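Student: Turn this into a structure:
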Amino acid sequence: MGRHAMLTPTGTSMLRPLAASFDRNFLETVQNSFFTSLDRFIEALPFFLGVLGVVAILAVGVGLFNFIRRRLRGRAAPVGLIIRPQEIRTVLDRAIQERSRLDLRFLPADSSRKTMPCALLDMTATALTLDPPSFVEVRPDWMGRQVECFFRHLTPKGHILFYTFESTVLGVNSRGNRTAQLDLALPAVMRLEQKRSFLRIDPPSQYFLGLALWLDSLDAGVFPPPNIKTWGRPALVFAPDKSRSPVMISNISASGLRLSIRHEAARQARLAPQLGGRMLILLDLYEPETERKKRFWLRCRLQNIHEDFSTRDLEIGLQIIAFGRPMLDEVPYELAWHAVGEDGVESLAVWVMRRHLELYREKGLEQ
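Tutor: Predicted coordinates for the structure are as follows:
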């Protein structure tokens, strides 16, 4: 009998219950396995959700931290201020290495208080040690007094940077022979500013009749071209009859002036001032004595910059390094340039002093 002869109808009917039983057992096994796995998954679901939540929180935290760090880097301090402790220490350490002179005066400052030249000796984690001149009698009652200090640094490119900071006298260390060393607290803020040696005023705006500003790319030792027609259009113009003038004069002295420049005007003029850079300025002032306009041609060096946090307007301090005078009254656009001496621009000093006396007489202020 062959192998296929065993599959008779009777044999086939006998296999059907067996197959059904096998299928039922297999499905029950699969079903039980599925529900067991599902139960285990449901039990572990809170753990997985917790892990995912932690990962999501960490990702959001890292992203937020990087965003805040980028914003803080971009707006760490206004231009013209140094607030990072390490940067302040670097500047002071460089001054000590160069044996820079530091001028000190007690606060509040006024015209009767003279500065005292000191030598920078040493710096610790909390204090700066100064050596006053031998002819100065250092007194113990200086302890706790507020002082203002000035010094400068010559960069490798020949630019002079001026630094100013305020501090407190921490100690007076006697060395005998009526001499002593001073310990000052390390400053928390340092400003890029020059010591003011000249009378500086903030007169009413009606005294300013006009201002134009050109960027100067010539070397410091080279005077600008005498013919002002070759200078091109000014980058900024001040006109008192215009509302929201792009540039205003904050104050003025025989040796410099401070300008306030609106952010939009600086952006449109592509004005990117750099410390030590130079500018050419035409300045028209009103002189009540003659009831006429008094014009000044000035070449200035940028001494300090301050950017307002909210408006991003600029305030720049300028030192006058040269002034121009017309070669001939008949040819006012041809200028002869002169370097500025220790007394500043004499004619501007006279104008400032007269306005100062006028304001004090009108307002009854005391010096």
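Student: C-alpha from now on. contacts and neighbour counts both.
Tutor: OK.
Student: mind listing the strands for the stretch 151-300 of the chain?
Tutor: Here the stretch 151-300 of the chain has its strands, by DSSP state E, counting those that start in this stretch, at 160-176, 179-185, 190-191, 200-201, 208-216, 236-238, 247-253, 256-261, 278-287, 292-307.
Student: Going by mean pLDDT, which of those comes out lowest?
Tutor: Among the strands of the stretch 151-300 of the chain, strand 200-201 has the lowest mean pLDDT, at a mean of 75.
Student: What lies in contact with it?
Tutor: With contacts defined as CA atoms under 8 Å, 6 or more residues apart in numbering, strand 200-201 is touched by N251, I252, S253, A254, V352, H356.
Student: follow-up on the earlier one: mean neighbour count and distance to L271 for the strands of the stretch 151-300 of the chain - can I get that in a markdown table?
Tutor: Output for those, formatted as a markdown table (neighbours: other CA atoms under 10 Å; distance: least, CA to CA, whole Å):
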| stretch | mean neighbour count | distance to L271 |
| --- | --- | --- |
| strand 160-176 | 18 | 20 |
| strand 179-185 | 21 | 37 |
| strand 190-191 | 20 | 22 |
| strand 200-201 | 17 | 26 |
| strand 208-216 | 19 | 9 |
| strand 236-238 | 20 | 9 |
| strand 247-253 | 20 | 12 |
| strand 256-261 | 20 | 10 |
| strand 278-287 | 19 | 11 |
| strand 292-307 | 20 | 12 |
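Student: Tell me which of these approaches F106 most closely.
Tutor: strand 160-176 (9.5 Å; CA to CA).
Student: So what touches the closest one?
Tutor: Contacts of strand 160-176 (CA under 8 Å, 6+ apart): 127, 138-140, 142-155, 180-187, 189-195, 275-276, 303.
Student: Skip the chain neighbours and tell me the closest residue to T155.
Tutor: L161 (7.4 Å; CA to CA, 6 or more residues apart in numbering).
Student: Which positions in the helix or strand harbouring R89 come out as buried?
Tutor: Assigned by DSSP states H and E, R89 belongs to helix 85-97. Using 16 or more other CA atoms under 10 Å as the test for burial, helix 85-97 gives I88, R89, L92, D93, A95, I96.
Student: Distance to T230 for the residues you listed - can I get that in JSON lines?
Tutor: Compiled in JSON lines, the buried residues of helix 85-97 are given as follows (distance: CA to CA, whole Å):
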{"residue": "I88", "distance to T230": "43"}
{"residue": "R89", "distance to T230": "45"}
{"residue": "L92", "distance to T230": "43"}
{"residue": "D93", "distance to T230": "45"}
{"residue": "A95", "distance to T230": "41"}
{"residue": "I96", "distance to T230": "45"}
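Student: measure stretch 100-118 end to end?
Tutor: Distance across stretch 100-118, first residue to last, is 9 Å (CA to CA, to the nearest Å).
Student: To clarify, my last question referred to stretch 227-238.
Tutor: 21 Å.
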